[in-house]
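Curious how this folds, go ahead:
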Amino acid sequence: MKRLLRNLVIPLVAAALAVLVFAEVVTLQNRENGYRRASTTIASTAGEFDVANETLLEVADPAESVKSVAHQMYAEEASVTGSLTGLRRAWPVPALDPAAALVNKDFTSTNGFAQLLFDDPALLTDAGKGSSIGSIANPVITLGDDVHAAMKLAGRQYEQRASRAQTESLVGVGVALALLLLAFVVFYMRWLRLLGATRRDARIDALTGLGNRRALVEALERRIPAASEEHPLVVALYDLDGFKAYNDSFGHLAGDALLARFAERLADGVGTSGAAYRMGGDEFCCLVSVQPGEVNAHIEQAGSALSETGAGFEIGCSAGFVLLPREADSPNAALALADQRMYERKAGPRRLATRQTADVLVELLAQRERTLSHHTGDVADLAAEAAEALGLREEEVKRVRVATELHDVGKTAVPESILNKPSALTDTEWALMRDHTLIGERIVRAAPDLAEVAQLIRSSHERFDGTGYPDGLAGESIPLGARIVAACDAFDAIISSRPYREARSVEEALAELRRGRGTQFDAQVVDVVCQIAQRHEQEQFAA
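Here you go, the predicted structure:
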């Protein structure tokens, strides 16, 4: 925000000045218009003055009464005087004061002449016109000429001021436009600079100065097309081991300093052969050009750069790498595969613990029912093979196997009298039996790494048509792994003996599964399970 404000100071100041100049331009234009109107007014006032003087001469017409002529003359005098007074107040110029004084002097003389006519109408006779009227009228006419000259001067002064105001307003418009142009140019240049900085910042990790994930993806998009078997690219992801404990022990500031040190060492190790990136958190990445035989050496060198040991801590890293273009031809595919491999290595010890936890629960089931271990192994093999055939990833296939092995673990909470009851169950017994999926979920979820397996166990008795339990899920809202477990468990249950019935043949089991296509079971899952089961049956028969 501060950078943005700094970049906007000059454009904002220029724009503000432009606004002020435009305001002054408006004032100048108003002034120009005022002077133009004043020039027009002074011209019309001169005309009114002429009318007033001409009215004086009309007294020589015997047909015109002295009184009416005098009244008309007084009206013209008042109009001229009022116009001059208004101009002097609103638009004063130097020539107005002398003109007003001359007008007043002229009207004084004219009023005297009018009074003389009132007093002595005989002056209107031919004899009077030749004597007294001439001697009085001539000075008035002379004053009229002076008034005309003064009003013309005032008119010229108005025109001059109007022209000057027009020139100043045009200059002002030019200055305002120049300021606006300056503001736009400066703003545009600063905006381009800021945009460039923002784009750079969007590709740079603020803590370490390395490129971020966006920068890595863009680099991959540029470089993958140019990679070849002879000159491959390696994209390697690294996830720090022990960093959380380091943060908890020494604080986030120390953790940030450690990440900055690692980033510097990693960038130095990569050198000019590639670039280092921080993906976020405690994940780093390298993208380098190497010879085919140098991959492992590079991975080890980068791993050393991301390792540190000290008093009370030890930091290492887990790595996953991909050769381009051999193993991936797009940034997303390359990063997904590298990420999968990295977490497979990182999860190695946890996976062992997870498998041990699952084995303990399987043994618990076996102790409850001795024949169950064989049943569990068979149905788990079938489910894993079906999951693989349906295109699930390796990790998902493993989860389906474990879920199949443990899907009945909740039955350890169901009394044996109910489990082995040869007759039909009562409503209460059925309610208790249905709870075994929820109980199984709670038991398995106690191991955090088995949380996704626990979800499959919970949904292993849902039906594709939505009439199953415990949640009444339907169709693809049921996890695919749970749909596989349900079909495989049903198949194995049919071919296995139960206290209330004998085992049935594989053919009967397959027919039963097919009858449940689209209702109890997912049709696609049924087809795959039936194909696998038939193949196994044929292989056993051939053996």
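
Low-confidence ranges, the stretch 401-543 of the chain, go.
416-417, 419-420, 448, 497-501, 541-543 (pLDDT under 70).

Run through the strands of it in chain order.
Remark: no strands are assigned in the stretch 401-543 of the chain by DSSP state E, counting those that start in this stretch.

Ok, the chain next?
233-241, 274-280, 283-289, 308-310, 313-324 (DSSP state E).

neighbouring contacts of the third one?
The one in question is strand 283-289. 210, 216, 219-220, 223, 227, 231-240, 262-263, 266, 270, 273-279, 298, 302, 306, 317, 338 (CB atoms under 8 Å, 6 or more residues apart in numbering). Where C-beta positions appear, they are placed from N, C-alpha and C, glycine not excepted.

Pairing partners for it, with directions?
strand 233-241 (antiparallel), strand 274-280 (antiparallel) (DSSP bridges).

can you tell me the average pLDDT over the first one?
The average of the pLDDT scores along strand 233-241 is 89.

got it, and stretch 270-287?
Rounded mean pLDDT across stretch 270-287 is 87.

and what of stretch 251-261?
90.

thinking again about what came up before, can you flag the buried ones in the contacts of strand 283-289?
Among the contacts of strand 283-289, those classed as buried by 16 or more other CB atoms under 10 Å are 210, 216, 219-220, 223, 227, 232-240, 262-263, 266, 270, 274-279, 298, 302, 306, 317, 338.

Which among the strands of the chain is found nearest to Leu87?
strand 274-280 (78.6 Å; CB to CB).

Run through who's touching that closest one.
With CB under 8 Å, 6+ apart, strand 274-280 has contacts from 205, 207-208, 210-213, 215-216, 219, 237, 259, 263, 266-267, 269-270, 284-289.

same check, this time on stretch 298-313
Outside stretch 298-313, the residues touching it (CB under 8 Å, 6+ apart) are 234, 236, 238, 240, 242, 245-246, 249-250, 258, 261-262, 265-266, 268-270, 284, 286, 288, 290, 314-317, 319, 321.

mind giving me the domain split of this protein?
Taking automatic domain parsing as the reference, the chain has its domains at 2-188, 213-342, 350-542.

related to what we said a few turns ago, pull out the buried members of the contacts of stretch 298-313.
For those, a neighbour count by 16+ other CB under 10 Å gives the buried set as 234, 236, 238, 240, 242, 246, 258, 262, 265-266, 269-270, 284, 286, 288, 290, 315-317, 319, 321.

Run through the stretch 1-150 of the chain and note the low-pLDDT ranges.
Short version for the stretch 1-150 of the chain, where the test is pLDDT under 70: 1-11, 14, 18, 52-74, 110-142.

What are the boundaries of the helices in it?
2-57, 66-90, 96-119, 126-128, 134-202 (DSSP state H, counting those that start in this stretch).

coming back round to it: of the strands paired with strand 283-289, which approaches Phe464 most closely?
strand 233-241 (38.8 Å).

and that closest one with strand 313-324, angle?
Counting by axes from the mean of the first three to the mean of the last three CA atoms, to 10 degrees, strand 233-241 lies at 160 degrees to strand 313-324.

Quick one: distance of strand 233-241 to the chain centre.
30 Å (CA atoms, centre = their mean, to the nearest Å).

can you list the residues that contact it?
Residues contacting strand 233-241 (CB under 8 Å, 6+ apart): 216, 220, 223-224, 227, 262, 279, 282-290, 295, 298-299, 302-303, 306, 315-325, 334-335, 338-339, 342-343, 346.
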